[in-house]
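1. with the input below, show me the fold.
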Amino acid sequence: MQERILSVVIPVRNQARTVSQLLAALGRLVRPPGWQLEIIAVYTESTDNTLQVLRESGVHVITCDTIGPGAARNAGARMARGELLYFIDADACPIGGDFLVRAIETAERLGNFGVLGGAIELPANQAGNPVAVADHWVCWFNWSAQRPAGESTLFQPSVSIVVPRAVFEAMGGFDTRLRVLEDFELQQRMLARGLRIHYEPTLAVTHEARSSLWRSWRHGWYWGGPFRSAYLAVIPHRGFTFPVGHPCFCLNIPVMFLRRLRLVWRSPPPASRCSSWCCLPFIAIAILIWTLGVVWGPDQPADSQPAPV
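-> Residues are numbered from 1 along each chain as shown. From the prediction side, this is the model:
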């Protein structure tokens, strides 16, 4: 019997250190019985030695000239031979040696679905850094290991997602005009066609957090504007006095800030509640900068602007 193929697609730009860790982790994973694994790294022009690391790793490397993770994932998917596509970011790592086995088993059990993903956790070596803990908590509070498994209308970040190739091709892939929340936009189209988003917390990955205040704050601002233009335009938030586009939209800042802070703080913390109090000032500042970005930030980053990592 011919083996089936699982294609791992990794968009990479200026991530030499983290992608080397990811490739090493992928090499240690147990191969699912009856499945062949292919790894495709999609390289976009970098200022570090990312290309050298990829070439020395022995994985299939292709180049994407268009800046943006959506364009890179689309390019990788076009080259892939697998019936299942596994997109994982270069700064993430699967948890558990049998991760791929469990991912395949879950995908086969679900049958017809759009996206399958799991929890996003903080690497153990960053657990003692309150800035990193706060950055991770603010970004990924919705995707904790304590969240129940099941079908969801909440999008699954493309940090780590499994997508049937036939579904991906039918949807036309990611919208390459978007550099932020392109995964949300794709999954909104899937939901409109009746395709399911499934959350399985045991399919967890670690994701390296930003460990300095400057990087964390840059990232919050970078995401704010696209949240307004790509997310609020589709899923308006109740309780805003002034809608998006209103001249007085900025007067929503206190409500937006407090609501986000409450949502983050009520989510399962990545550490003990006592140590979490040490992170509260960093959480509050990160959310404030994100809120200001929602009001005044650009809709999408310029093509020439590198994503803050």
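2. quick one: stretch 12-29 to chain centroid distance?
-> Centroid separation between stretch 12-29 and its chain, computed with CA atoms, centre = their mean, to the nearest Å, is 16 Å.
3. give me the contacts around that stretch.
-> Contact with stretch 12-29 is made by 8, 10, 39, 41-50, 52-54, 57, 59, 67, 72, 88, 90-94, 97-100, 208, 306-307, 309, as judged by CB atoms under 8 Å, 6 or more residues apart in numbering. The C-beta positions use only the backbone N, C-alpha and C, and glycine is treated the same way.
4. just the strands in the stretch 101-250 of the chain please.
-> For the stretch 101-250 of the chain, applying DSSP state E, counting those that start in this stretch gives strands covering 115-117, 120-121, 150-152, 160-164, 197-199, 205-207.
5. could you check how many residues crowd around the nearest residue to P236 once chain neighbours are set aside?
-> Using CB to CB, 6 or more residues apart in numbering and skipping residues adjacent in sequence, the residue nearest P236 is P243, 6.8 Å away. Counted with other CB atoms under 10 Å, residues neighbouring P243 total 12.
6. any idea how far P243 lies from G27?
-> Computed as CB to CB, to the nearest Å, the P243 to G27 distance reads 50 Å.
7. now G34
-> Distance from G34 to G27, by CB to CB: 20 Å.
8. next: A192.
-> Note on A192: its distance to G27, by CB to CB, is 38 Å.
9. now R147
-> Using CB to CB, R147 is found at 29 Å from G27.
10. so where's this protein uncertain?
-> Counting by pLDDT under 70, the chain contains low-confidence ranges at 1, 271-275, 303-309.
11. all helices for it, in order.
-> Counting by DSSP state H, the segments of the chain that form helices are 16-28, 50-57, 69-79, 99-110, 130-140, 165-171, 182-192, 213-226, 253-266, 273-296.
12. adding distance to A119 and mean neighbour count, write those helices out as TSV.
-> Formatted as TSV, the helices of the chain follow (distance: least, CB to CB, whole Å; neighbours: other CB atoms under 10 Å):
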stretch	distance to A119	mean neighbour count
helix 16-28	16	17
helix 50-57	27	18
helix 69-79	20	22
helix 99-110	12	18
helix 130-140	8	24
helix 165-171	22	16
helix 182-192	16	19
helix 213-226	20	20
helix 253-266	16	16
helix 273-296	18	18
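13. which among the contacts of stretch 12-29 count as buried?
-> Neighbour-count burial (16 or more other CB atoms under 10 Å) is assigned, among the contacts of stretch 12-29, to 8, 10, 39, 41-44, 46, 50, 53-54, 57, 59, 67, 72, 88, 90-94, 99-100, 208.
14. now for the nearest residue to P298 once chain neighbours are set aside: which residues touch it?
-> Counting by CB to CB, 6+ apart, G225 is the residue found nearest to P298 once chain neighbours are left out, at 4.7 Å. Neighbouring residues of G225 by CB under 8 Å, 6+ apart: 293-294, 296-300.
15. what's the separation between the residue nearest to the spatial centre of the chain and L181?
-> Among the residues of the chain, the one closest to the centroid is V159, at 3.0 Å (CA atoms, centre = their mean). Taking CB to CB as the measure, V159 falls 13 Å from L181.
16. next one: G297
-> Look at G297 and L181: by CB to CB, they are 13 Å apart.
17. can you list residues touching both of the two?
-> Common neighbours of G297 and L181 (criterion: CB under 8 Å, 6+ apart): P226.
18. still on that earlier bit, need the max-distance pair from the contacts of G225.
-> Greatest spacing in those, by CB to CB: W296 and Q300 (14.3 Å).
19. against S211, how distant is the residue nearest to P298?
-> G225 is 24 Å from S211, by CB to CB.
20. what does V264 give?
-> Distance, V264 to S211, by CB to CB: 18 Å.
21. so how far is the first residue of stretch 229-240 from its last?
-> One end of stretch 229-240 sits 15 Å from the other (CA to CA, to the nearest Å).
22. ok, stretch 168-187 next?
-> This stretch, stretch 168-187, spans 10 Å end to end (CA to CA).
23. contacting residues around it?
-> 66-71, 73-74, 77, 85, 114-115, 155-158, 161, 189-190, 193, 197, 222-223, 226-227, 230-231, 234, 300-301, 307.
24. spell out which residues make up each domain of the chain.
-> As given by automatic domain parsing, the domain ranges for the chain are 4-207, 213-296.
25. how long is the shortest one from one end to the other?
-> Criterion CA to CA; first-to-last residue distance in domain 213-296 is 20 Å.
26. and the gap between the nearest residue to Q188 once chain neighbours are set aside and F242?
-> Leaving aside its sequence neighbours, Q188 sits nearest to V234 (CB to CB, 6+ apart; 6.0 Å). The gap separating V234 from F242 is 18 Å, by CB to CB.
27. can you list the neighbours in contact with stretch 263-283?
-> Contacts for stretch 263-283 (CB under 8 Å, 6+ apart): 121-122, 127, 130-131, 133-138, 141-142, 144-147, 213, 216, 261, 287.
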